[in-house]
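>>> Need the 3D shape of this:
(one chain, ligands or ions: 1)
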Amino acid sequence: MSDSKHSGERVELPAAARSGTVCTASDYDGMYARSLDDSDSFWAEQAQRIDWVAEPTKVADWSFDPVAISWFTGGTLNICHNAVDRHVAAGNGARTALIFEPDDPDGTVRKISYAKLQRDVITMANTLKKMGVSKGDRVTIYMPMVPEGAMAMLACARIGAVHSVIFGGFSPEAIAGRIVDCRSDWVITADEGRRGGKPIALKKNVDEALDKVPNRGVLVFRNTGCPVTMVEGRDHWFHELSQDVPDDCPCEPMAAEDPLFILYTSGSTGKPKGVLHTTGGYAVWTETTFRFVFDYRENEVFWCTADIGWVTGHSYIVYGPLLNGATALMFEGVPNWPDHDRFWQVIDKHQVNIFYTAPTAIRALMREGNDHVTRHDLSSLRLLGSVGEPINPEAWRWYHDTVGKGAIPIVDTWWQTETGGVMITTLPGAHDMKPGSAGKPFFGICPQLVDGEGAVLEGEAEGNLCITRSWPGQARTLYGDHDRFVQTYFSTYPGKYFTGDGCRRDDDGYYWITGRVDDVINVSGHRMGTAEVESALVLHPKVSEAAVVGFPHDIKGQGIYCYVTLNAGEEAGDALTAELRQWVRKEIGPIATPDELHFTPALPKTRSGKIMRRILRKIAENEFASLGDISTLADPAVVEALVAGRKAR
Ligand code: WT7
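Below is the predicted model:
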């Protein structure tokens, strides 16, 4: 174990992890070099693990200036066939595809074999067709974390419809905005969801959204059995409409570049971005990254604790595992209900081998003490993973020592909604680990650090993280707005994909993500655009102006700090604080709930009227000594008042 300030603490890979692995230390260097030097043959080889209806005639075909990205041109395939049917055809129909662990620990566990999954997806696909859905249509999926959510995605993919999954925690306003943006005519939902013992009114939220944006059809699953309103001619119960549908449904052959899904994510402006992924490249990328990063071995149980409403759930609950014929656990609940040991109890109960979660959950559980962990048998675990934000070394240590008993590797996987799958990580049989560092680039990934002016930084350096070459799982565009795609990712440093993250590379070539460098904050591993929260706040009739920044939060990583100015005559106070918190929850969803509301008569602005966010960030971080130059402010006294206000909180 070395301990240098610059290259970080090195935790050696346990000897046991080095054998029987899909990629050893000596394999990695050669394979990584080949993935760049001989990229087409490398990816053509990986693509052979996919069943193509027609083989691709070209592998990589892309440019970052102008921006046009294509992979596996000429190929046709269906990802549902690859994730489901081919495993059944290969004689593995009896293998478990999904294990469902319900919110209520005493509820019914479901084990769904690949054969059953195939039958259920066929029924669902035919039901969608019966409702009127056809190839190319956008279908909004607003489902609880139950197997039918995954089946809905696969059923869309089977018939060539483009799914747009919306996380169950989003509000009716957020649903409506996304439906309008991708002109989705169809919704798949359930009567109600359940998390941590509490109901989530899914159908009611959909109804409110559709008051604003009428849709052609809503397919509704009965989940909890709660009463719901069904709109005649628009809403269909799945269990009724699915009666008498045929029991076969051919998989629609899709061109490699046909859209597979849209997933909305936050950016620096108020309007969420509809990130578009296509079929062939995403299939190859999720199949390959899952296989190497998690080193999956036959019959193992893989558990990713994300929700299918996020990209992590798309790639590592549904597509990555199923493309590999793996067994994926789907968990409806939360880490701390009914008690803080729920994760560890579930690992024990289902003999989970690979566990993939987020630093925010690790930190929250760490503070509940070790007894919650040690009273369960976690000896089935072989590999741990982390995703969503940088993991602080203290949390890494606890995860490694207490959960992993110091004996198994951790992969800290850096990636984004736009990257489709893991980009930077150590490989579990190849690399020593460094707590807090994601590690090394995955095959085919060319990270580059640049300074503010775009100059390339070599060797040990810190700068803005760009990726210089395309990879199969890269997002192709923002739905309906290619200009915004180009503008957002390829204009800051022309010819390069800019991630929006800051990053340091150490002298061992390990990458350390330092966090977002744009107006995006990372709250509990979820990306939140500060402008989105500001837009929601200023919609309130009493609010004149708002500026939102992130600040360090023990559990969430970053919390949401809102500076608010009120219209003349309005009174700040606890009641308005509560009202505004509730307001933002209603506008966006509970994940956007402000942690701090700081009422101020004015915001610090330059003489040209631009809000000085840098200063607001520092004040929220309690970093008063380093406010920097405030001489360009129109009214420097504003800052003194804000500092005094922050100190008094
Ligand atoms: C942003 C992407 C990837 C799925 C979950 C989030 C941050 C993600 C890590 C990590 C440091 C990370 C980055 C990135 N991030 N994983 N292992 N270490 N930072 O997807 O909502 O698209 O957010 O999450 O800042 O840009 P997302």
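>>> Close to the ligand: what parts of the chain are there?
Residues of the chain that fall close to the ligand, judged by CB under 6 Å from any ligand atom: 265, 311-312, 387-390, 412-417, 438, 499-501, 513, 516, 522, 525, 527. All C-beta atoms are positioned from the backbone trio N, CA, C, and that covers glycine.
>>> and I141, what does it touch?
Contacts here follow CB atoms under 8 Å, 6 or more residues apart in numbering; on that basis I141 touches G149, A152, M153, C156, H163, S164, V165, I166, V187, I188, T189.
>>> Over to it. Which of the three states is it?
Secondary structure for I141, judged by DSSP: H, G, I helix; E, B strand; the rest coil, is strand.
>>> Please tell me how far it sits from T189.
The gap separating I141 from T189 is 8 Å, by CB to CB, to the nearest Å.
>>> re earlier: mark which of the contacts of I141 are part of helices, please.
G149, A152, M153, C156 (DSSP state H).
>>> Tabulate the residues you listed in TSV, adding columns for neighbour count, distance to I347 and pLDDT.
Below are those laid out as TSV (neighbours: other CB atoms under 10 Å; distance: CB to CB, whole Å; pLDDT from 0 to 100):
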residue	neighbour count	distance to I347	pLDDT
G149	27	22	98
A152	28	27	98
M153	30	25	99
C156	28	31	99
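>>> Go through the residues you listed and say which is closest to the ligand.
M153 (16.7 Å; CB to the nearest ligand atom).
>>> residues contacting the closest one?
M153 neighbours (CB under 8 Å, 6+ apart): I141, H163, V165, F261, I308, H314, V318.
>>> can you do 7 Å?
By CB atoms under 7 Å, 6 or more residues apart in numbering, M153 lies in contact with I141, H163, V165, V318.
>>> neighbours of the third one, just the number please.
Read that as V165. Look at V165: counted by other CB atoms under 10 Å, it has 29 neighbours.
>>> And the one 3 residues further on, by the same measure?
G168 has 22 neighbours, counted by other CB under 10 Å.
>>> That one: what secondary structure?
coil.
>>> Quickly note the distance from it to H277.
Going from G168 to H277 by CB to CB gives 21 Å.
>>> Now do D51 against the ligand, distance only.
Look at D51 and the ligand: by CB to the nearest ligand atom, to the nearest Å, they are 27 Å apart.
>>> Name the nearest residue to A531, sequence neighbours excluded.
Leaving aside its sequence neighbours, A531 sits nearest to G270 (CB to CB, 6 or more residues apart in numbering; 4.6 Å).
>>> my guess is that neighbour contacts T530, does it?
No - contact between G270 and T530 fails when scored by CB atoms under 7 Å: they sit 9.7 Å apart.
>>> of these two, who's got more company?
T530 (26 against 16).
>>> ok, now which ones touch the closest residue to V538 other than its chain neighbours?
What sits nearest to V538 in space, not counting adjacent residues and going by CB to CB, 6+ apart, is A546, at 5.4 Å. By CB under 7 Å, 6+ apart, the residues touching A546 are E534, L537, V538, C562, Y563, V564.
>>> Quick check: nearest residue in space to V109, chain neighbours excluded?
Using CB to CB, 6+ apart, the nearest residue to V109 is E101, at 6.0 Å.
>>> In terms of pLDDT, where does the one you found sit?
With respect to pLDDT, E101 has a value of 98.
>>> Mind listing what's buried along stretch 96-104?
Within stretch 96-104, the residues that count as buried by 16 or more other CB atoms under 10 Å are T96, A97, L98, I99, F100, E101, P102, D103.
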